[in-house]
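1. no FASTA, just this:
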């Protein structure tokens, strides 16, 4: 198995996508995420057959009973599916654990032949070996661009 650990904010929910949504007065449950980022993510999945594992804090809202949060998450899931990158799983929430501990715990339970972590922040202090050689850092929260796609593709 190959896996892509996906953060949302700064990766597919970018400042530019939020500006467009605001300019078009879209409601949060109707937001359109960064089209370029989504296209690159879809291409990564298509070319590598990797599964998408949500490592973002957004995973905590997947089972929300709040109607607005549920609608926002459903919209996100629809957009991931539309580009051929459906959500496969989520990393566990570990009290006091950072992103590296959570990704590491998922990898411990699901050994992978290859993986890439796509994130806009380096939060990998607890288990830095998890990110070493696997982190595609999105600078300035600009979303997935060609250089990020190429790095992730090489990792996978």
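-> Thanks, I have it. Worth saying up front: this structure is predicted, and the values here are computed from it rather than measured.
2. which parts of the chain are helices?
-> In the chain, the helices defined using DSSP state H lie at 15-23, 35-48, 67-82, 99-109, 128-131, 146-155.
3. nearest to residue 91, out of the ones you listed?
-> helix 99-109 (4.2 Å; C-beta to C-beta). (Glycine included, C-beta is placed from N, CA and C.)
4. what comes into contact with the closest one?
-> The contact list for helix 99-109, computed with C-beta atoms under 8 Å, 6 or more residues apart in numbering, reads 3, 5, 53, 55, 89, 91-94, 97, 115, 117, 119, 123-128, 130-131.
5. repeat that with 6 Å
-> Residues outside helix 99-109 that contact it (C-beta atoms under 6 Å, 6 or more residues apart in numbering): 5, 55, 91, 92, 94, 123, 124, 126, 127, 130, 131.
6. pLDDT value on the fourth one, please?
-> Looking back up the chat, that one is residue 92. pLDDT for residue 92: 96.
7. and it, how many neighbours does it have?
-> 15 (other C-beta atoms under 10 Å).
8. swap in residue 78?
-> Neighbour tally, residue 78, other C-beta under 10 Å: 10.
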